[in-house]
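Asker: give me a 3D structure for the following:
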Amino acid sequence: MRSSLRFFFFLLAAVVSAGPAVFARPAGENDTLARPPVIVIGFVGGYVSHTNNVHAEVQLIEQLSKDYPAGVVARAFENHRGELAHQEVLRLLDADDDGSLSSAEKRNARIIIYGHSWGASEAVNLARLLEKDGVPVLLTIQVDSVGKRGENDSLIPANVAQAANFYQPDGALHGRAEIRAADPARTSILGNYRFDYKGSSLTCERYPWWDRYFVKAHTQIECDPKVWTQIESLIRSKLPSPVRTASLVN
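Answerer: Predicted coordinates for the structure are as follows:
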């Protein structure tokens, strides 16, 4: 018995003299995660295909993809594919690919969403879905926003840091003149920018004749280089330095 006690106290003394024990800590969300790319989502209006690069929404996505082969993921979607875009954003944010987003993965999100017409409405709707997920959005941009059934394109959710609205007031189909923040303390409305096309000679080459005739002004704001120069500038201000610097408006 005495020899056993002596052995016990010998081991205890050895542990104490060796200093505090160091235990391996399991990986957690406080660990440094690989930062996800900046995500840019563009929604086309009407029944336009996401591959139809006649439209400025698609042109901008293509240009950003060329200029940023790394660090930025730019995707175009039809406006009725909002849930598909939602799932793509969640997938891109899931840095450890475990099928769910940690607090750190949500904090690291850098997301920009824009669209024209119904696509603008869908941009706000996607931001609202991400709010429910606890994911912040850097910027939303609406171009002649036309609200879709069941969507509120006038009220910007509080997870959006900045929002901008470009609209024109003419014709049977025209955009929402004003957007506002659900929480002005959290969302900055950069502006509701009005453009007028009465008497304008701006032509939208390659657009279908019915767009140019029946919804002329609504189409003109979509193809107006002045509008898209501002939009592109807003988006690029949130992006890292590009590999290339060509602009779709050049």
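Asker: roughly how far apart are residue 79 and residue 183?
Answerer: Applying Cβ to Cβ, to the nearest Å, the value for residue 79 to residue 183 is 26 Å. Using the backbone N, CA and C atoms, a C-beta is placed for each residue, glycine as well.
Asker: more neighbours: which of those two?
Answerer: residue 79 (27 against 11; other Cβ atoms under 10 Å).
Asker: mind checking what secondary structure the spatially most central residue of the chain has?
Answerer: In the chain, the centroid-proximal residue (Cα atoms, centre = their mean) is residue 112; its distance is 2.6 Å. Secondary structure, DSSP: H, G, I helix; E, B strand; the rest coil: residue 112 is strand.
Asker: check residue 165 too.
Answerer: Per three-state DSSP, residue 165 ends up strand.
Asker: circling back to that earlier point, pretty sure the residue nearest to the centre of the chain contacts residue 37?
Answerer: No. With contact defined as Cβ atoms under 8 Å, residue 112 does not reach residue 37; the gap is 11.3 Å.
Asker: report how many residues lie close to residue 233.
Answerer: 11.
Asker: element containing it?
Answerer: Element membership of residue 233, judged by DSSP states H and E, is helix 225-236.
Asker: OK, contacts around residue 112?
Answerer: With contact set as Cβ atoms under 8 Å, 6 or more residues apart in numbering, residue 112 has these partners: 38-41, 137-141, 235, 238.
Asker: closest to residue 71 among the residues you listed?
Answerer: residue 38 (6.7 Å; Cβ to Cβ).
Asker: just checking, that closest one touches residue 241?
Answerer: No. Judged on Cβ under 8 Å, residue 38 makes no contact with residue 241 at a distance of 12.0 Å.
Asker: look at the two and report which has more neighbours.
Answerer: residue 38 (21 against 9).
Asker: can you name the residues bridging to the more buried one?
Answerer: residue 72 (DSSP bridges).
Asker: what sits against it?
Answerer: Per Cβ under 8 Å, 6+ apart, neighbours of residue 38: 71-73, 110-112, 138, 238-240.
Asker: buried subset of those, written for PyMOL?
Answerer: In PyMOL, this line selects whichever of these come out buried by 16 or more other Cβ atoms under 10 Å:
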select buried, resi 72+73+110+111+112+138+238+239
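Asker: doesn't residue 238 make contact with residue 68?
Answerer: No. In this structure, residue 68 is not within contact of residue 238 by Cβ under 8 Å, at 11.7 Å.
Asker: common neighbours of these two, please.
Answerer: Joint contacts of residue 68 and residue 238 (Cβ under 8 Å, 6+ apart) do not exist.
Asker: low-confidence stretches in the protein?
Answerer: 1-33, 244-250 (pLDDT under 70).
Asker: can you pull out the strands in it?
Answerer: In the chain, the segments counted as strands under DSSP state E are 38-44, 72-78, 111-116, 137-143, 155-156, 160-167, 180-181, 188-194.
Asker: quick one, the third one and helix 225-236 angle?
Answerer: Meaning strand 111-116. 170 degrees (axes from the mean of the first three to the mean of the last three Cα atoms, to 10 degrees).
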